[in-house]
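Asks: quick one, fold the following:
(chains A and B)
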Amino acid sequence: MYRKSLVAVWVGVLAVSLLFLGCPKKKPAPAPEVDVIEEVQEPVEVLVPVPPETFDEVSDPFSEDLETANVAAYEQGLLGDVYFEFDKYDLQPEARDRLAKNAEFLRAHPEFEMLIEGHCDERGTAEYNLALGDRRANAAKNYLTSLGLPAGSIQSVSFGEERAQCQEASEACWWRNRRAHFVIRGRSGG
Amino acid sequence: MIRASNTTALLYLVLSALWLGPTVAWSQQVPPTEDQLSDPEVNVVLEGRQRSRFRLAMPAVQREGAPGPQIREAADQLEQTLRTDLDQSGIFDVRGPAQLSVLNLTGNDERDFELYRSLRNELLLTSLVKQDQGRLILEGRVYDLASGKVVLGKRYRGDPSIARRIAHTFADEIILYFSGRQGLALTSIAFASDRSGFKELYLMDSDGANQRPITAHKSISMSPEWNPNGREIAYISYYSGTPNIYLVDLGSGRKTPVITTGSLNISPSFSPSGKQIAFARSIGDGNSEIFICNRDGSALQQLTHSSGIDTNPAWSPNGREIAFTSSRTGSPQIYIMDAEGTNLRRATFDGNYNDGAAWSPDGTRIVYASRRTGDFDIAVADVVTLESRLLTHGGGSNETPSFSPDGRRILFTLKRQSRSGTSTQIFVMDATGGNREQLTSKGNNSSPVWSGFKE
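Replies: Below is the predicted model of the structure:
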């Protein structure tokens, strides 16, 4: 009996405290932060930003961060990939043309430190492709230096078939993977 | 008497019906034998495989008492592992409960042995699993059915969590007894997988179970190669930006750099002593040559000097030679030179693209990926006669083969197209080309290499 009544008392206490706990949610007391806000005499006019008109002078993407510079260089066609034939690393005439354009851009931006990535399609073996990709990257690099660019500002790396751009098994896809890809990796002196 | 012989006749009928199935399936798996017969060396291997497989009856593993769920699960795991190991050993023709269910076993050994013999079984493997204070006990016996005697009896005890290991140990014991050679059950396979989103190195047991990562570089890590001591693996990783060679200690997980200078250091291969590493390294303008160095990267020495691509060296088991791939004559072909870089000779002539040589443990053969028409197939060549033949026949691109330490199995990868894209998986097959099994399925898996035997 005694025990039962004790339980009843506890249940009562719990119920009451729950009520109290529940209360503030229904009727929120004024939050202290609100007091801090000062009265504003005149309503502040909020200017809705309008999209800027196209200006003639754009900020130079090549002085922006590297990612922006890389995207802009490729989008504007100032840098472009150089493509190779299957299992080959010699430069075809189109590849030389492309490299000449790339060289032009790099001459205009001597501050850029470049990385040339060599890539292969998936048809060769993975191990051999690592070596082949290195040849491709270096074929591109050597051509650039033959055009007068300083070798010291150009590094190369082979990814073999590890970073294929296109995953389908067709020549339409393979040729896009047999490439030397250009990455602005830094700026000299910074 | 009459009844008995009738039963026997009936049994044979049932038996031949049962038997036809597996026999047909088996002969389909083995590639045409005509050209194999013309190759005397391969023929010997084939004879071993086809004619002297012991017919082993393996009824279900008995469970003693009422084991708890943990032990029950361990017992199931143990039974499955034991069965797979014996089946894959290439020595036994394992008949399981399904094939043995036609027998009305009596419980009387002598009578039952006769029944097993009636199905032309030569051996009987009985096993009993019981529980002892939370530990698992396996009691196994192999009977010679002709004499009715136990030829091999073993009792193992261990934690239920290592049930597979117990089974592997017993399987290897049985294989050693009947073949005189060590079994593969306790060996491991290292490979690379992109299942985590990055290409990392993994290990698995020889049957494909227990796949676990051993690197977490979150870069590109690949081309594992075992130190013959079995305690470390050399591999390449793009961890620092360009591919360089590292070692991972399998005991501690510690990684140490071997060669990290230059733009390209790839395809490591240990010397049999484990003291040196052969690899390919770019010099000058991206011209990769074969180098060797000590295990710690010291004593770097250039072995090849050609303007073509030289890559993917494989040190021969006796340490005297190194096979590698070179494009010096145009297309990639495999060459063999002495380990000092002298006495160079070309080893492959069939096919327009051959790469990835791996030696058989006895040093008489190399396996490699060979492209003769469209995709790559696995080829094997005798290193003296240079005669080669294909072990796979299309179905995708078959690449990066390597031998098991007993020389009877070959690991390789198969790259296939499907609606969801390209998938590369690891397979294992007999050294003669048959009996193919897939070991991986998660992500893409590549460059499998088998460890040596475990001490």
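
Asks: whichever residue of chain B sits closest to chain A - how many residues pack around it?
Replies: Relative to chain A, the nearest point of chain B is B:G286 (2.8 Å; Cβ to the nearest Cβ). In short, each C-beta sits where N, CA and C put it, glycine included. By other Cβ atoms under 10 Å in any protein chain shown, the residues close to B:G286 number 26.

Asks: apart from its neighbours in sequence, what residue is nearest it?
Replies: Excluding the flanking residues, the one nearest B:G286 by Cβ to Cβ, 6 or more residues apart in numbering or on different chains is A:N138, at 2.8 Å.

Asks: quick one: pLDDT of that neighbour?
Replies: The model reports A:N138 with a pLDDT of 96.

Asks: same question, B:L15
Replies: Here the pLDDT value assigned to B:L15 is 42.

Asks: for chain A, what lies in contact range of chain B?
Replies: A:87, A:118, A:122-128, A:130-132, A:134-139, A:141-142, A:155-159, A:162-163, A:167-169 (Cβ under 8 Å from any Cβ of the partner chain).

Asks: buried ones in stretch B:383-401, by neighbour count?
Replies: Using 16 or more other Cβ atoms under 10 Å in any protein chain shown as the burial criterion, the residues of stretch B:383-401 that qualify are B:383, B:386, B:388-392, B:396-401.

Asks: let's see that stretch as CSV, backbone CA atoms only.
Replies: Taking Å, rounded to 0.1, in the frame of the first residue of the first chain, the C-alpha atoms of stretch B:383-401 are listed here in CSV:
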residue,chain,number,x,y,z
VAL,B,383,61.6,-20.3,-71.9
VAL,B,384,64.0,-22.7,-73.7
THR,B,385,62.1,-23.6,-76.9
LEU,B,386,60.0,-20.4,-76.8
GLU,B,387,57.0,-22.4,-78.0
SER,B,388,53.9,-20.7,-76.8
ARG,B,389,50.2,-21.4,-76.6
LEU,B,390,47.1,-19.7,-75.3
LEU,B,391,45.4,-20.6,-72.1
THR,B,392,42.4,-18.4,-72.5
HIS,B,393,40.3,-17.8,-75.5
GLY,B,394,38.6,-14.4,-75.5
GLY,B,395,35.6,-13.6,-73.5
GLY,B,396,37.1,-10.2,-72.8
SER,B,397,40.6,-9.0,-72.2
ASN,B,398,42.7,-11.5,-70.2
GLU,B,399,45.7,-9.8,-68.5
THR,B,400,48.4,-9.8,-65.7
PRO,B,401,48.8,-13.6,-65.1
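
Asks: so the residue nearest to B:G286, which of the three states?
Replies: helix (DSSP: H, G, I helix; E, B strand; the rest coil).

Asks: which residues touch the residue in chain A that chain B sits nearest to?
Replies: Nearest residue of chain A to chain B (Cβ to the nearest Cβ) works out as A:N138 at 2.8 Å. For A:N138, the contacting residues are A:I116, A:G118, A:S156, B:S282, B:D285, B:G286, B:N287, by Cβ atoms under 8 Å, 6 or more residues apart in numbering or on different chains.

Asks: equivalent analysis for B:A381, please.
Replies: B:A347, B:T348, B:R365, B:I366, B:Y368, B:E387, B:S388.

Asks: just the ones in strands from those residues, please.
Replies: B:R365, B:I366, B:Y368, B:S388 (DSSP state E).

Asks: is the third one bridged to anything, and to what?
Replies: What that stands for is B:Y368. B:A379 (DSSP bridges).

Asks: which residues touch it?
Replies: Here B:Y368 is in contact with B:I334, B:T348, B:N354, B:D355, B:G356, B:A357, B:A358, B:I378, B:A379, B:A381, B:P401 (Cβ under 8 Å, 6+ apart).

Asks: among the contacts of B:A381, which two are most distant?
Replies: B:Y368 and B:E387 (13.8 Å; Cβ to Cβ).
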